[in-house]
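Chemist: Sequence and predicted structure are below.
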Amino acid sequence: KDGIFAVLSWLSILAAKNKDTAPGSKLVGVREVALEHWRTYGRNFFSRYDYEEVSSEDAAKVMDTVRAVVAASPKIALELSQLKQLTGREQPTVIT
């Protein structure tokens, strides 16, 4: 089911990007949308890991470790320090 939603999402994005394009003109494609996004926000990725049946204590230990790694890395800390100016948010979104 996820594949069809990805296709529908891209069709929606492309329809919005091309809504004012004159008939016969070159349409904005996925490549142009991706390059524009990267110029504005940089290259990014999303990775999802689902861990089921993990105790709250063990999950808290994992998150503490992630926070420690982020805090110890100057590059990551710099990127997070710019998060507010780029997104208006103080912290990245972590969905648990």
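Modeler: Cool, got the structure.

Chemist: Can you list the low-confidence ranges for this protein?
Modeler: 1, 74-96 (pLDDT under 70).

Chemist: Show me the protein divided up by domain.
Modeler: Using automatic domain parsing, the domain parsing of the chain gives 2-41, 56-87.

Chemist: so which of the ones you listed gets nearest Tyr49?
Modeler: domain 56-87 (10.1 Å; Cβ to Cβ). For glycine as for every other residue, the C-beta is placed from the backbone atoms N, C-alpha and C.

Chemist: Okay, buried residues for the strand or helix carrying Ile4 please.
Modeler: Using DSSP states H and E, the element containing Ile4 is helix 2-17. Buried residues in helix 2-17, counted by 16 or more other Cβ atoms under 10 Å: Leu14, Lys17.

Chemist: Distance from the chain centre to the helix or strand just after it, please.
Modeler: Counting by DSSP H and E, the next helix or strand C-terminal to helix 2-17 is helix 30-41. With Cα atoms, centre = their mean, to the nearest Å as the basis, helix 30-41 stands 13 Å off its chain's centre.

Chemist: which outside residues touch helix 30-41?
Modeler: Outside helix 30-41, the residues within contact range by Cβ atoms under 8 Å, 6 or more residues apart in numbering are Trp10, Ile13, Leu14, Lys17, Leu86.
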